[in-house]
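In: Would you be able to build a 3D model of this:
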Amino acid sequence: MNAVEIEQAITSLANAAFDRENFPYDFLAAFGNKDTTLKRLRAGVSNKSDLGGVLQTSNIHIAVAPPGAVTITLAALKASLATTRYKAKFILATDGETLEAEELDSGDTIACAYPDFPDHFGFFLPLAGISIVRQIRDNAFDIRATSRLNRLYIELLKDNPDWGNAERRPEMNHFMARLIFCFFAEDTDIFRSSGLFTATIEQMSARDASNTHAVISEIFRAMNTAIDQRSQASLPRWADIFPYVNGGLFSDSVAVPRFSRIARSYLLHIGQLDWTRINPDIFGSMIQAVADDEERGALGMHYTSVPNILKVLNPLFLDDLREKLIEAGDNKIRLRNLRKRLARIRVFDPACGSGNFLVIAYKQLREIEYAINEHRDEKGRKSDIPLTNFRGIELRDFPAEIARLALIIAEYQCNVRYLGQREALAVFLPLSQDNWITCGNALKLDWLSICPPTGTGTKLQGDDLFAAPPEHTPIDFENEGGETYICGNPPYVGRKYQTDEQKEELQNVFRRRTKDTLSLDYVTGWFIKAVDYMNATDTDAAFVTTNSICQGVQVSALWPAIFAGGASIRFAYLSFKWQNLAANNAGVTVIIVGLSMKKSMRRLYTVTDESTVNIVETHNINPYLVPGDNVFIVPCNQVPDERTPMQFGNHPYYANELMLEPEEAAALIGEDTRTARFIRPLYGSKEFISGNPRLCIWITEDNLTCAKAIPAIWNRVEKVGRTRASKQKDIQAQKLVATPYQFRDQYEAENSLLVVPIVSSENRPYLPAGLLPSNAIIHNKAFALYDAPLWNMALIASRLHWVWIGTVCVRLEMRFSYSNTLGWNTFPVPTLTEKNKADLTRCAEDILLAREAHFPATIADLYNPDTMPDNLRTAHDHNDEVLERIYLGRRFKNDTERLEKLFELYTQMTTRQGKGKHHD
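Out: Numbers count the residues shown, from 1 in each chain. Just a heads-up that it's a prediction; the model follows:
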């Protein structure tokens, strides 16, 4: 269940008559517990309560209290031995009149009237496996509003299917934006009367909803009619009391979809919510899913936390402003100059979605401005920061509308907070006609026309607040000559998932600045557009992006073009989870990269497991986000020294019938014992790490005649032949039809076999390479070193190599995705003496012996970071010490120092070989 579905279920529970016997089970059902789970609890099979309540292990302990005894019952739940023994995370007590609960780890509590507990449903979302940020838990209004708006939206589309068509969908979305404004306005005295909009619809529209659309349409018409034109407008008296809103919000068509009784009821329920509690930081992100069929399944999950957004905005420009505020102290002249600077700052998000970054930036600047006014003894001074300095581009029309609306709400709320309710209302209406959120494709639009480098440029103006007119009208910024900051979280879209149109857009954006746009993620287009913009005006930029743009082949395809444009990396956040409100802690792994044309100290930020941030200052950050010169790791097809070549394992190429599960192999041998000589263990990454090899039929030219005489084998071979023959468009498959008894590749070891997984967890402290029996076959899902001296393993299993491949190879989220051409062939190794090799051979042997001592533990068992055996950790540590002394004469202090040395050696290595490029 998503958050909105849970809210709906909790609201239904609270509205129903209180059922003392069934409340605990109904409560758990609302959070997604299945009928079978509830049945076991009811039967007492899994109910661990010692107080006559319901205790779900590792979840919650619930008790229904006698009337008036809720607080006492909650205390008993907390003191219960069962609560501790069965690791309950929450306790909850209610008597149907009041409800109290506590989250035991944090000690946070809630206490409320029973009918009001849905207002606190966010407190309990972890019960459904949904991680939450504090803003959601403390204020669940935005999810409740989203939930009701979603129900209304779906109901209206049922009764007005034509409004869901592509032609009318923008009109439907525009209607929803108008409703949101009305609900907010009636609860914040903008309409000069509390609840005016909802009350008017309830009083003036028929209960059967037959004229609800007409009533709403007249209200909208009133809000689009200037006061001096009202007498000619023939407005009904009940509509004439609504103020003139202007701003294009109610201009153009005032058509309203028809309402059913149910839709009317939903509308009235929405109006009964307390819209003063809306949080534009949260609400915009959530509501955008209402109008998107593909995203509605994740409804209520679209929230990006303010702390994550501030990871972009703080180092981009807010930290500097706060430092200047501290430096100014009480110096009124310096404070005034800083205030003037704030008023000229422009924030531009060319992938703004529903406006989160712009809203947060606006609110932060208003907060700093308020502090300045306090220091200057000018409390209550009207803000100099105009909304039109916060510009955005968004591809979809509804999020673009919501972004504009979120900024309007943010401005009003800031005015209430810093000026007072009366002053905020005095300046709110009528709304400005200007629209500065552009709906369009950011990679096709001219950013300089949308957020121009001088005071004059293209700001959208038209009779519709949200729709962009075909001709843009240049009008002045309110404040001339300030700096611009580009920020945002553009769409990532890896190369495999891009449409043909998106690929073409990238090619146009790069304009022959790289030969390899097909390797690039879609997000890189925003980086190049930002660099072009930075060449025209005083601008810094920072984007949230997948970490892949700083790994693998994308580095040499993208970053030379950025550096050639004059930009460099001013700051960066290393990989971390960009967590939203999401089930099971879901969140994409990202980095943040800030660009600048200016010379200054560079900063690298690392988010630790404890959510603290470490900062490293350096003179340059290279495109791998490592302190040091700008080096580009170029894939190399050969090892540069005495190391053994590393190659992909054997690709079966439609020879699935030659690969066997253990049961299949046993059945073949049981059918004909002669098959045993042809069956070999088969390892890919997964099989090696888990210690559970599959098996394969391995036939060579030497034993082909014998294999043909065994029907159990040859039947499978013939199936391979037929499969390959059916792939008529595959030239490779057609060539292999002649050898259906073999994989495409036929590599095997004579004496020893080293295996290296392609994909493995980043949580393991070392890359899990290992030695396999020489008769093993390596699948193409792993790399192999055939008959390699064992000192090769010492290199691969080192911390130095772990750090190198974690930096230069592509990652899948955070997991390692190994590459022989990028990870092994480029790994810088000093010239090794025979003694060095002997010492490293002994280190590898010690690692293997330490593993063997824990047989039958698997690689997965042995390299669990929490339970790694001491003797194995010691063997690896000794290996690291021996190798690092070869590199440096001592142990490295940390991974940063390791990388700096490796990049230095790589530069020397490629310079000697005349390969690769080194850019200062």
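In: List the contacts of stretch 706-721.
Out: In this structure, residues lying in contact with stretch 706-721 by Cβ atoms under 8 Å, 6 or more residues apart in numbering are 654-658, 668, 671-672, 674-675, 677-678, 697, 699, 737, 740-741. (Each C-beta comes from the backbone N, C-alpha and C, glycine too.)
In: And these, which of them are buried?
Out: The neighbour-count test (16 or more other Cβ atoms under 10 Å) applied to those identifies Tyr654, Ala655, Glu657, Leu658, Leu668, Thr675, Phe678, Ile697, Ile699, Val737, Pro740, Tyr741 as buried.
In: Distance check, the residue nearest to the fifth one when sequence neighbours are not counted against Glu661.
Out: Residue nearest to Leu668 in three dimensions, not counting chain neighbours: Thr675, with 4.6 Å by Cβ to Cβ, 6 or more residues apart in numbering. Here the distance between Thr675 and Glu661 works out to 15 Å (Cβ to Cβ, to the nearest Å).
In: How about Phe197?
Out: Relative to Glu661, Phe197 is positioned 65 Å away (Cβ to Cβ).
In: Can you pick out the residue with more neighbours from the two?
Out: Using other Cβ atoms under 10 Å, the more surrounded residue of Phe197 and Glu661 is Phe197, with 23 against 11.
In: Do I have it right that that one meets Ala185?
Out: Yes. Phe197 lies in contact with Ala185 (Cβ atoms under 8 Å); the separation is 7.2 Å.
In: Common neighbours of these two, please.
Out: The contact sets of Phe197 and Ala185 overlap at Phe191 (Cβ under 8 Å, 6+ apart).
In: quick one: low-confidence parts of the stretch 751-900 of the chain?
Out: Applying pLDDT under 70 to the stretch 751-900 of the chain flags residues 811-815.
In: Pull up the gap between Ser46 and Asn59, please.
Out: Using Cβ to Cβ, we find Ser46 at a distance of 10 Å from Asn59.
In: And for Ala351?
Out: As judged by Cβ to Cβ, Ala351 and Asn59 stand 39 Å apart.
In: ok, now Arg722?
Out: Distance from Arg722 to Asn59, counting by Cβ to Cβ: 53 Å.
In: who's more crowded, the two?
Out: Neighbours were counted for Arg722 and for Asn59 using other Cβ under 10 Å; Asn59 has more, 18 against 12.
In: how about that one, phi and psi?
Out: phi -140, psi -80 (degrees, to the nearest 10).
In: ok, it to Ser383 distance?
Out: Taking Cβ to Cβ, one finds Asn59 at 47 Å from Ser383.
In: Ok, Leu125 next?
Out: For Leu125 relative to Ser383 (Cβ to Cβ), the value is 36 Å.
In: Same question for Gly440.
Out: Taken as Cβ to Cβ, the span from Gly440 to Ser383 is 29 Å.
In: Show me which of those two is the more surrounded one.
Out: The residue with more neighbours, out of Gly440 and Ser383, is Ser383; 21 against 14, by other Cβ under 10 Å.
In: Doesn't that one lie inside a strand?
Out: No. Assigned with DSSP: H, G, I helix; E, B strand; the rest coil, Ser383 falls outside any strand and is coil.
In: Let me see the contact set for it.
Out: Taking Cβ under 8 Å, 6+ apart, one finds Arg366, Glu369, Cys414, Asn415, Tyr418, Leu419 in contact with Ser383.
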